[in-house]
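Participant: below is the sequence, then the predicted model.
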Amino acid sequence: MSYQLLKEDVVFYQRFLKSAGFYTDKLDGSWGPNTDKADTAFLAEGSSIAEELGKFDARSESNIITLFPKAQTEARRFLNLCKNAGKDVRIISGTRTYAEQDVLYAQGRTANGPIVSHARGGQSNHNFGIAWDIGIFNNGTYSTNDSEYIALAKIILPQINTLEWGGNWHSLKDNPHYQLKAVSEDVAIIRGLFEKGEVFV
């Protein structure tokens, strides 16, 4: 999703901003001056992180800006490590609203196309600003070769110990998926904290 889509669901965005420490008002779904102030502070923090750690391709940038600042920092560290290893890696998915997640979940079930997600809205860490998916590109072509994603994880994970990798999951492995370690591995607990605007990373 894009930053503009993030802003379209105001309650969702207020939860996001509050959990990230930028918003202190009620979760009322009304875009008032306090939401605007929090939004401005969030964007300024993102710009500061980008100045410090560098900018990347347009697609990665459009997804990084949808992440919590802590996740933005680690995503940029991640991409720098990939670049230093001579890999063309891009972040192709960041935060999703619950509604966007439900659309993905419907694909291959009640909508056309192959199944691409096993999580409904509120059941994925993509819904809480702390997860991203990557694509490895070879001469501009997206790779679907699992061995490349596994090899990359072996390079990255020892150098960023704040991350969890979907390739380490016991079921439904997701090799392109990375996320910040949170206060719990239980997505329901994270969702509860997120929906109250409380800290979970």
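Facilitator: Thanks, I have it. Just so it is clear, the model here is predicted, and its values are computed rather than measured. Numbers count the residues shown, from 1 in each chain.

Participant: list the strands paired with the lengthiest strand in the chain, with their directions.
Facilitator: For the chain, the strand reaching the highest residue count under DSSP state E is reported as strand 131-138. When pairing is defined by DSSP bridges, strand 131-138 lines up against strand 88-93 (antiparallel), strand 141-142 (antiparallel), strand 177-180 (antiparallel).

Participant: looking at this protein, which helix or strand is least sure?
Facilitator: Least confident helix or strand, the chain: helix 3-8 with a mean of 78, by mean pLDDT, DSSP states H and E.

Participant: most packed of the strands paired with strand 131-138?
Facilitator: Highest mean neighbour count of the strands paired with strand 131-138: strand 177-180, a mean of 24 (counted as mean count of other Cβ atoms under 10 Å). C-beta coordinates here come from the backbone N, C-alpha and C atoms, glycine included.

Participant: average pLDDT for the helix or strand following it, rounded please.
Facilitator: Counting by DSSP states H and E, the element after strand 177-180 in chain order, helix or strand, is helix 187-195. Helix 187-195 shows a mean pLDDT of 97.

Participant: by contact count, what packs against helix 187-195?
Facilitator: Packed against helix 187-195 by the contact rule (3 or more Cβ pairs under 8 Å, 6 or more residues apart in numbering; DSSP states H and E) you find helix 10-19.

Participant: tell me which residues in the helix or strand that the helix it packs on is followed by are buried?
Facilitator: From helix 10-19 onward toward the C-terminus, using DSSP H and E, the following helix or strand is helix 33-53. Under the neighbour-count criterion of 16 or more other Cβ atoms under 10 Å, helix 33-53 has 34, 35, 38, 39, 41, 42, 45, 46, 49, 50, 53 buried.

Participant: so who does the second one touch?
Facilitator: Translated: residue 35. Applying Cβ atoms under 8 Å, 6 or more residues apart in numbering to residue 35 gives the contacts 10, 13, 14, 17, 23, 25.

Participant: what about it, distance to residue 18?
Facilitator: Distance, residue 35 to residue 18, by Cβ to Cβ, to the nearest Å: 10 Å.

Participant: next one: the third one
Facilitator: Residue 38 sits 8 Å away from residue 18, going by Cβ to Cβ.
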